[in-house]
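Engineer: Provide a 3D model corresponding to the input given below.
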Amino acid sequence: MKLTILAIEGVFDTGLTVLLDAFSTANDLGAMLLETSPHFDISTVGVRPTVRTALGLEVPIQPVDELSRPDWVIIPALNTRMPEQLVASLGRNDMLDAKAQLLTWHAQGAGIAASCIGTFLLAETGLLSGQEATTSWWLGPFFRQRYPDIALDESRMLVPAGNVATAGAAMGHLDLALWIIRKASPELAALVARYMLADYRSLQAPYIIPEHMAHADPLMEAFERWARSHLKSGFSLQDAATALATTPRTLQRRTEAVLGKSPLAFFQDMRVERAQHLVRTTSLDLEAIAAQVGYVDGATLRTLLRRRLGRGLRELRADLK
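Structural biologist: Numbers count the residues shown, from 1 in each chain. Modelled structure (predicted):
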């Protein structure tokens with residue numbers, strides 16, 4: 001399988017090296033431990049003669065015009081964590097050239113995949129329009145605002161959509177690499193995951209900080225403060241809207257536009273976050289934790305934790321050991 005990693009000036013060092021390490025490990029383990037195994041022909045290319053990582057290391061690259069059509073092109077993240085930096089980066093000439101090159105590869109039949117902030121470059125091509133996608137969880141509100149025609153779900157770690165795929169933040173690069181390896185050989189992907197101590201993670205949800213998401217919008221920030229002070233008393237859309245000097249309809253629409261979810265769902269996110277904190281910092285049982293976050297019994301909280309995090313109280317506490 002021919003794989004091309006598209007390195008852009010300022011590429012996130014960890015994202016780039018995780019991809020290279022995962023595929024080279026797959027080649028080594030496949031040759032040593034499996035009778036038959038796919039081989040990954042890995043090329044790192046750039047749209048400029050030289051590329052430096054965010055930490056200033058020069059990346060050995062091949063020129064794009066020397067490369068035959070790849071099976072998959074992977075876009076690692078740029079080291080631009082905030083929307084203001086990202087907007088400036090997306091307008092750079094090398095980014096525009098990279099966008100054009102991605103469209104050329106896609107027209108030739110290559111699959112295009114991106115992780116973390118690299119998903120923004122993929123979105124700029126239009127190849128995600130009308131598709132499901134994920135991205136770095138803290139940039140979900142900005143992604144949703146910039147690309148309203150993409151069905152974003154930043155709670156997911158990896159979202160395949162035909163011959164394009166997106167993965168979540170930072171170490172989502174590893175999840176993306178394992179997904180591509182798994183397409184060629186599930187047995188080899190399992191070996192690589194064990195050697196690299198990589199757990200299977202289908203969700204980013206356990207890592208999302210609702211407060212950070214809410215800071216993308218003044219009304220959401222005010223709603224987040226109101227919600228935190230009412231976790232034990234329960235949720236009322238009317239009460240929240242009245243406290244924020246707005247209407248329930250406006251609060252509903254704004255929450256869905258910025259956060260991609262209902263006010264109640266965001267309120268439940270904060271209950272989950274608070275419950276996780278109590279699991280980590282106290283020895284309270286499930287019933288006591290449920291009372292702290294506004295549930296009359298532990299069964300409802302248990303269901304919510306499993307739905308949002310894929311884990312119950314016992315598994316969450318086991319993660320701390």
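Engineer: what's the burial count for S129?
Structural biologist: By the criterion of other CB atoms under 10 Å, S129 has 12 neighbours. Placement of C-beta: from N, CA and C, glycine included.
Engineer: same deal with the one 10 residues further on?
Structural biologist: Number of residues near L139 (other CB under 10 Å) recorded here: 24.
Engineer: can you tell me how far W138 is from A165?
Structural biologist: 20 Å (CB to CB, to the nearest Å).
Engineer: per-residue pLDDT, K321?
Structural biologist: The per-residue pLDDT reported for K321 equals 56.
Engineer: sorry, back to before: so for W138 and A165, which residue has more residues nearby?
Structural biologist: Neighbour comparison, W138 and A165: the larger count goes to A165, with 25 against 20 (by other CB under 10 Å).
Engineer: right, and the secondary structure at T36 would be what?
Structural biologist: Under DSSP: H, G, I helix; E, B strand; the rest coil, T36 falls in the coil class.
Engineer: ok, W138 - contacts?
Structural biologist: By CB atoms under 8 Å, 6 or more residues apart in numbering, W138 lies in contact with 81, 169, 208-209, 212-213.
Engineer: go again with 7 Å.
Structural biologist: Shown in contact with W138 (CB atoms under 7 Å, 6 or more residues apart in numbering): 212-213.
Engineer: make sure it is indeed in a strand.
Structural biologist: No. W138: not assigned to a strand; according to three-state DSSP it is helix.
Engineer: and the closest residue to H212 other than its chain neighbours, how far is that from A113?
Structural biologist: Once flanking residues are discounted, H212 sits nearest to W138: 5.3 Å by CB to CB, 6 or more residues apart in numbering. Distance of W138 to A113, computed by CB to CB: 21 Å.
Engineer: domain parsing for the protein?
Structural biologist: 2-205, 209-318 (automatic domain parsing).
Engineer: in TSV, list the ones you listed along with mean pLDDT.
Structural biologist: Output for the domains of the chain, formatted as TSV (pLDDT from 0 to 100):
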stretch	mean pLDDT
domain 2-205	95
domain 209-318	89
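Engineer: can you say which of these is packed in most?
Structural biologist: Burial of these is given as mean neighbour count (mean count of other CB atoms under 10 Å); domain 2-205 ranks first at a mean of 19.
Engineer: gap between the two ends of it?
Structural biologist: 32 Å (CA to CA, to the nearest Å).
Engineer: next: stretch 117-128.
Structural biologist: Across stretch 117-128, first to last residue, CA to CA, it's 14 Å.
Engineer: what do you get for stretch 120-140?
Structural biologist: Start-to-end, stretch 120-140 (CA to CA) is 11 Å.
Engineer: so how far is that stretch from its chain's centroid?
Structural biologist: Here stretch 120-140 shows a centroid-to-chain-centroid distance of 10 Å under the convention CA atoms, centre = their mean, to the nearest Å.
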